[in-house]
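# dropping a prediction and its sequence here:
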Amino acid sequence: MHTWLDSAAADPTWLTVFGGIAVLGGFATAVMLVRQMTPRVRIDRSRVARRT
């Protein structure tokens, strides 16, 4: 049985589209991981100094 996926696998246009989606997904994942690592609120050094 011949499906659309068989022809899509050999078509360079679909390979480009799927590759572009994969690259965008990888980039979005990297951005989200970096955003999670950085603190949301800046540390107020003068406030910390008053505490100790």
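Sure, I can see it.
# list the contacts for residue 13?
For residue 13, no residue counts as a contact, taking CB atoms under 8 Å, 6 or more residues apart in numbering as the criterion. Every C-beta, even on glycine, is put in place using the N, C-alpha and C of the backbone.
# count the residues that sit near residue 14.
Neighbours of residue 14 under the rule other CB atoms under 10 Å: 14.
# could you list the low-pLDDT ranges of the chain?
1, 8-9, 39-40, 51-52 (pLDDT under 70).
# what segments of it are helices?
Ranges of helices within the chain are 4-10, 12-37, 45-51, based on DSSP state H.
# what residues does the first one touch?
I take that to be helix 4-10. Residues from elsewhere that reach helix 4-10, judged by CB under 8 Å, 6+ apart: 14, 15.
# quick one: buried residues of that helix?
By neighbour count with 16 or more other CB atoms under 10 Å, helix 4-10 contains no buried residues.
# for it, the distance to its chain's centre please.
Chain-centre distance of helix 4-10: 27 Å, with CA atoms, centre = their mean, to the nearest Å.
# repeat that for the longest one.
In terms of CA atoms, centre = their mean, the centre of helix 12-37 is set 6 Å apart from its chain centre.
# got it, and stretch 37-50?
Taking CA atoms, centre = their mean, one finds stretch 37-50 lying 27 Å from the centre of the chain it belongs to.
# what about it, start to end distance?
Its first and final residues considered, stretch 37-50 spans 27 Å by CA to CA, to the nearest Å.
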